[in-house]
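Chemist: Show me how the following folds:
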Amino acid sequence: MEKNLQLNNFINALLTGYLKLKTTTFLIGSTRWEERFVVLTNVGLLYFENPNNPPIDLFPVLDCEIKDLDQAKERGG
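Modeler: The predicted model follows:
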């Protein structure tokens, strides 16, 4: 995985890891949780179905404040 991050030029990544994405199938109405690999950079959040494949999408995070949930709870915010 480390090799893949370097190949994709994510050396400046702020955070990397897995998160669970809640998806709903509209026709069936079922809900499931899918695991995605994410890379937080200074310009956005990239997410991947598999870290060995190209990213699925980029969500820009310019003009955003990103807080660690554990740290936010400690501070009361």
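Chemist: Do you have the strands of this structure handy? List them.
Modeler: Ranges of strands in the chain, per DSSP state E, are 15-24, 31-40, 44-48, 57-60.
Chemist: residues of the third one that come out buried?
Modeler: Just to be clear, that refers to strand 44-48. Within strand 44-48, the residues that qualify as buried are 44-48, counting by 16 or more other Cβ atoms under 10 Å. Any C-beta I mention is one placed from the backbone N, CA and C, and that applies to glycine too.
Chemist: Ok, stretch 28-46 next?
Modeler: Taking 16+ other Cβ under 10 Å as the neighbour-count basis, stretch 28-46 is seen to contain the buried residues 36-41, 44-46.
Chemist: hang on, the earlier thing: could you save the strands of the chain as JSON lines and add columns showing distance to residue 66?
Modeler: Listed next are the strands of the chain as JSON lines, based on distance: least, Cβ to Cβ, whole Å:
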{"stretch": "strand 15-24", "distance to residue 66": "9"}
{"stretch": "strand 31-40", "distance to residue 66": "7"}
{"stretch": "strand 44-48", "distance to residue 66": "9"}
{"stretch": "strand 57-60", "distance to residue 66": "11"}
